[in-house]
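A.B. asks: have a look at this fold, sequence not included:
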């Protein structure tokens, strides 16, 4: 997986645009095309044809193709997955609705709880019971399973999730249930076991994750198969890897089996890119800001590594309210995602306030300025009206925008209800969307005990460089980096990701005494399973292992992750692991509980190839020339509250060392960087735009 002279291709399907990046012979080629929602693979193929033609490379020369997609996420949000049923232990039929047995908002009398993925009529129970120690208390009733199969056939079910009590440790009943049901239901019904999808404690999260996986698996398996076949028909026969939510790559077969691991694949690519840049520029505190056509993603990166988690919520009924969505327990890069992209729709609510998102105009019909039938104002329409986007040069000139259409919908939908004219409706929309993003970033940082202003912002995605300066002003951030190829940043991030797979298992082991033999046996089995997934990518190189255990005081409901030594454990390690846990516990909570026993609950092993690092480009001697503006454009400057004329520079004309005083615009094919009046911009030795707040 080292870069060397290999020809590497990446594609990222977003809600509005599909980004494609090709790296070959030390050069990078990129393309941005509208996402073809009905057949997403068509947009990918269009983008691939575009970059291959530009590079003059035949499809057969591609060495590796890396792909990320929002298809699984959109299927969950839009309820467009397969007709799914769920079979569980008798007495647990309603666990998908009882959830955590608490309200996520105690004071909302009209609270709208998230509807379960599987409605009650398609949830079935069977007599069986294995206890927490693996003892069979009630044998599996296979006759009852056969009766349920006939009911499922009558319900025309296309996907089935099976989740039994304590199957995370003892999977024999789930496996036998599949053996019984598969021939009865036939090959057209996909079956997912909780012991394979999410082999961890906590039944609600395990069952929810398994149902979500079953719900999207027919869609994703069909899409991935079509994609592979169409690529082969074009002569592109290189290995195809899928970007996962945790920042690693997996094989197509594994992705088709566990598509729930792909729900945040695009945003994960962006975080990988930001982490790569943080290491490259020796930055220890980074705020990754990725804004595309549909959403904005914010992630904190410390010492070159993004924060990670194993719990994520999808399809929230309340945009920023934790607990209002479906929990899925998967490895994921921890970030906050809000409906604040270029296509996010702006409205005036009943209280006379401008609101933006979370719904998006997408690629069809898209913003009004696209001229594809959009009738509602979006953030992109506001940016066009404020002069931040050149209508004739959008997406490298491939899409000509209609300024008149943007002004018209903004005036009708925002200006008239609020009595605003001129540029003020558009200014109101951008100010609100920037404040939404700033609030999300503040909360995300505060929840993690971070000072947001101490971070350097790395901005990428088609929309982020347009808004990064104003967002930095709101957050008191003093430095912004805009990498080269920022408009297709997530796709570039795919090319920096290792092939990696994480396996998790729950097994409760005390720290004193510590059963090292049992822990080592479990870790070895997990490493072998993870290694088998990434084996095709190793090509003789030695894989890396990352081993983690989740520890807690006995009786607590949540754990803290402790990194394990990368060697066989011994009984003496119990004391060291307790000390490491208590050190972390003390830093987080300000105390430790010396009289309490400590136990490990869940274990994790990640096996990965080496990090992908491109050959460093030779850095040119700094140029002290004063850059020449190509034109001028009238844009809105928030600090002054008025439209002003500013110089426009083309990024490909700027050499390392050149400096620009804001306000200004730096334009490129996939985006434009707005340099606010309080910032200066320079091009560093890596070719990145480096903006700093003037003292």
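C.D. replies: Yep, that arrived. The shown structure was predicted, so the numbers you read here are calculated from the model rather than taken from an experiment. Numbering: from 1, shown residues only.
A.B. asks: domain map for the chain?
C.D. replies: 8-76+222-262, 82-215, 267-339+431-494, 344-429, 500-608, 631-682 (automatic domain parsing).
A.B. asks: now do the end-to-end distance for the first one.
C.D. replies: Domain 8-76+222-262 has its terminal residues 20 Å apart, counting by Cα to Cα, to the nearest Å.
A.B. asks: the second one now?
C.D. replies: Criterion Cα to Cα; first-to-last residue distance in domain 82-215 is 5 Å.
A.B. asks: excluding chain neighbours, what is closest to residue 48?
C.D. replies: Nearest-residue entry for residue 48: residue 20, 5.7 Å, with adjacent residues in sequence omitted and distances by Cβ to Cβ, 6 or more residues apart in numbering. C-beta coordinates here come from the backbone N, C-alpha and C atoms, glycine included.
A.B. asks: which SSE is the one you found in?
C.D. replies: strand 17-24 (DSSP states H and E).
A.B. asks: relative to the helix or strand following that strand, what are the paired strands and their orientations?
C.D. replies: The helix or strand immediately downstream of strand 17-24 is strand 27-34, counting by DSSP H and E. Here strand 27-34 is paired, per DSSP bridges, with strand 17-24 (antiparallel).
A.B. asks: avg pLDDT for the partner strand?
C.D. replies: Averaged across strand 17-24, the pLDDT comes to 90.
A.B. asks: about what we covered before: the residue nearest to residue 48 reaches residue 14, doesn't it?
C.D. replies: No - taking contacts as Cβ atoms under 8 Å, residue 20 lies outside contact range of residue 14: 11.5 Å.
A.B. asks: the helices in the stretch 501-650 of the chain, which residues?
C.D. replies: For the stretch 501-650 of the chain, the helices defined by DSSP state H, counting those that start in this stretch occupy 516-538, 573-589.
A.B. asks: packing partners for the longest one?
C.D. replies: Packed against helix 516-538 by the contact rule (3 or more Cβ pairs under 8 Å, 6 or more residues apart in numbering; DSSP states H and E) you find strand 249-251, strand 500-510, strand 544-553, strand 598-608.
A.B. asks: give me the contacts around the helix or strand just after the shortest one.
C.D. replies: The one in question is strand 249-251. Per DSSP H and E, the first helix or strand lying C-terminal to strand 249-251 is helix 252-257. Contact with helix 252-257 is made by 217, 220-221, 224-225, 228, 240-242, 244, 261-262, 501, 533, as judged by Cβ atoms under 8 Å, 6 or more residues apart in numbering.
A.B. asks: so where's the stretch 201-350 of the chain shaky on pLDDT?
C.D. replies: Low-confidence segments of the stretch 201-350 of the chain (pLDDT under 70): 319-320.
A.B. asks: report the angle between the longest helix along the chain and strand 500-510.
C.D. replies: The longest helix of the chain (DSSP state H) is helix 203-233. Relative orientation of helix 203-233 versus strand 500-510 (axes from the mean of the first three to the mean of the last three Cα atoms, to 10 degrees): 160 degrees.
A.B. asks: circling back: which pair in the contacts of helix 252-257 spans the largest distance?
C.D. replies: Using Cβ to Cβ, the pair of the contacts of helix 252-257 lying farthest apart is 225 and 501, separated by 20.7 Å.
A.B. asks: the more surrounded of those two?
C.D. replies: Per other Cβ atoms under 10 Å, whichever of residue 225 and residue 501 has more neighbours is residue 501, with 27 against 12.
A.B. asks: list the contacts for the residue lying closest to the more buried one once chain neighbours are set aside?
C.D. replies: Once flanking residues are discounted, residue 501 sits nearest to residue 533: 4.1 Å by Cβ to Cβ, 6+ apart. Residue 533 is in contact with 250-251, 254, 501, 607, counting by Cβ under 8 Å, 6+ apart.
A.B. asks: looking at the helices and strands packed on helix 516-538, which one is packed in the most?
C.D. replies: Comparing those by mean neighbour count (mean count of other Cβ atoms under 10 Å), strand 249-251 ranks first with a mean of 25.
A.B. asks: just to revisit the earlier point, among the helices of the stretch 501-650 of the chain, which gets the worst mean confidence?
C.D. replies: helix 516-538 (a mean of 90).
A.B. asks: buried residues, that helix. List them.
C.D. replies: For helix 516-538, burial by neighbour count (16 or more other Cβ atoms under 10 Å) applies to 516, 519, 522-523, 526-527, 530-531, 533-534, 537.
A.B. asks: circling back to that earlier point, run the chain-centre distance for the longest helix of the chain.
C.D. replies: Distance of helix 203-233 from the chain centroid (Cα atoms, centre = their mean, to the nearest Å) equals 16 Å.
A.B. asks: what do you get for stretch 475-484?
C.D. replies: 21 Å.
A.B. asks: what is the end-to-end distance of that stretch?
C.D. replies: From start residue to end residue, stretch 475-484 stretches across 24 Å - Cα to Cα.
A.B. asks: same question for stretch 508-527.
C.D. replies: End-to-end distance for stretch 508-527: 18 Å, by Cα to Cα.
A.B. asks: need the contact partners of that stretch.
C.D. replies: Applying Cβ under 8 Å, 6+ apart, the contact partners of stretch 508-527 are 503-505, 507, 545, 547, 549, 551, 554, 564, 568-571, 573-575, 577-578, 581, 597-601, 603-605, 607.
A.B. asks: any idea how far the nearest residue to residue 451 once chain neighbours are set aside lies from residue 438?
C.D. replies: Excluding the flanking residues, the one nearest residue 451 by Cβ to Cβ, 6+ apart is residue 445, at 7.1 Å. Noted for residue 445: a distance of 11 Å to residue 438, by Cβ to Cβ, to the nearest Å.
A.B. asks: before we move on, back to that, can you put the helices of the stretch 501-650 of the chain in a markdown table and add distance to residue 384?
C.D. replies: Shown next, in a markdown table, are the helices of the stretch 501-650 of the chain (distance: least, Cβ to Cβ, whole Å):
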| stretch | distance to residue 384 |
| --- | --- |
| helix 516-538 | 43 |
| helix 573-589 | 46 |
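A.B. asks: perfect, that will be all.
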